[in-house]
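Visitor: Got a sequence here, can you build the structure:
(2 chains)
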Amino acid sequence: GESVGLHLPTLSVQEGDNSIINCAYSNSASDYFIWYKQESGKGPQFIIDIRSNMDKRQGQRVTVLLNKTVKHLSLQIAATQPGDSAVYFCAEMYYNQGGKLIFGQGTELSVKP
Amino acid sequence: NAGVMQNPRHLVRRRGQEARLRCSPMKGHSHVYWYRQLPEEGLKFMVYLQKENIIDESGMPKERFSAEFPKEGPSILRIQQVVRGDSAAYFCASSLSGGAQDTQYFGPGTRLTVL
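Guide: Prediction:
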């Protein structure tokens, strides 16, 4: 029979508001984490990364927070714009499995003008 | 500065045919990774290659799938005797030095449809 895709978690925000996208990762041994943005019909685009010896890293309009105690990662987008509408994935990497990214399910961000 | 290039962007095959997906890494990158994405799901790792070497193929199905990255030319993901369940988007990524904590940059993907 025909398979049905999973429904992605969604987040809807008003233009200009701040967005927070959350991710729970699976392996306490993971030591490198990345956020990717994927627009419809395109490949994932690197946004920001963080290593396990840090708990916060800031980029342009984006901040990533890492809480290793509860294996939680978040992406904060300041002053969200319509161009930020996309699916956002977190990914983790284990040092002893260098090269293999493990992706989360993804969150669909919708920005209302 | 060209990014990761993949072709074709869309590929339609009938059940039982072969699919060949090509990936040219970013200039200066010698490490290539293939991932598969089913509708509304995250990407799943398939294989990691360096020039002429397969480093990690733990995500590759045991049968019908193979990958190579020759000394010259693009990396090729080959799917023999395709079935409907192979329909997905296949993404290639490349990195500069490979391995742990090296940023992977993705191409636009090849969308395979098996009729």
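Visitor: partners of the most centrally placed residue in chain B in the sheet?
Guide: Taking Cα atoms, centre = their mean, the centroid of chain B lies closest to B:Trp34, which sits 3.5 Å from it. Beta-bridge partners recorded for B:Trp34 (DSSP bridges): B:Val47, B:Cys92.
Visitor: what about chain B, any weak spots by pLDDT?
Guide: Across chain B, residues meeting the criterion (pLDDT under 70) sit at B:1, B:99-100.
Visitor: So which bits of it are right by chain A?
Guide: Proximity of chain B to chain A (Cβ under 8 Å from any Cβ of the partner chain) is limited to residues B:4, B:6, B:31, B:33, B:35, B:38-45, B:48, B:55-56, B:58-59, B:91, B:95, B:98-109. From N, CA and C alone the C-beta is placed, and that goes for glycine too.
Visitor: Can you say which of those residues are buried?
Guide: Among the residues of chain B next to chain A, those classed as buried by neighbour count (16 or more other Cβ atoms under 10 Å in any protein chain shown) are B:4, B:6, B:31, B:33, B:35, B:41-43, B:45, B:48, B:55-56, B:59, B:91, B:95, B:98-102, B:104-109.
Visitor: ok, and the closest non-adjacent residue to residue 52?
Guide: Let's take chain A. Of all residues beyond its chain neighbours, the one nearest A:Ser52 is A:Asp31 (4.0 Å), with distances taken as Cβ to Cβ, 6 or more residues apart in numbering or on different chains.
Visitor: wrong chain, I was asking about chain B
Guide: Beyond its immediate neighbours in the sequence, the residue positioned closest to B:Glu52 (Cβ to Cβ, 6+ apart) is B:Lys71, lying 5.5 Å away.
Visitor: so the one you found is in which element?
Guide: B:Lys71 is located outside every helix and strand, with elements delineated by DSSP states H and E.
Visitor: Isn't it up against B:Lys51?
Guide: Yes: between B:Lys71 and B:Lys51 a contact is recorded at 5.7 Å, counting by Cβ atoms under 8 Å.
Visitor: Name the residue in those two with the higher neighbour count.
Guide: Between B:Lys71 and B:Lys51, B:Lys51 has the larger neighbour count (other Cβ atoms under 10 Å in any protein chain shown), namely 13 against 6.
Visitor: Can you give me every residue that contacts the more buried one?
Guide: With contacts defined as Cβ atoms under 8 Å, 6 or more residues apart in numbering or on different chains, the neighbours of B:Lys51 are B:Ser30, B:Phe69, B:Pro70, B:Lys71.
Visitor: Now it: phi and psi?
Guide: Backbone geometry at B:Lys51, expressed as degrees, to the nearest 10, gives phi -50, psi 120.
Visitor: who's B:Ile54 bridged to?
Guide: B:Leu49.
Visitor: Was I right to think it contacts B:Met46?
Guide: No: using Cβ under 8 Å, B:Ile54 and B:Met46 do not qualify as a contacting pair, with a distance of 11.0 Å.
Visitor: The chain: strands as residue ranges?
Guide: With no chain named, the answer covers chain A. Counting by DSSP state E, chain A has strands at residues A:10-14, A:19-24, A:30-38, A:45-51, A:56-58, A:62-67, A:72-77, A:86-94, A:101-103, A:107-112.
Visitor: not quite, I wanted chain B
Guide: Taking DSSP E as the criterion, chain B carries its strands at B:5-7, B:10-13, B:19-24, B:31-37, B:43-50, B:53-56, B:65-68, B:75-79, B:88-95, B:105-106, B:110-114.
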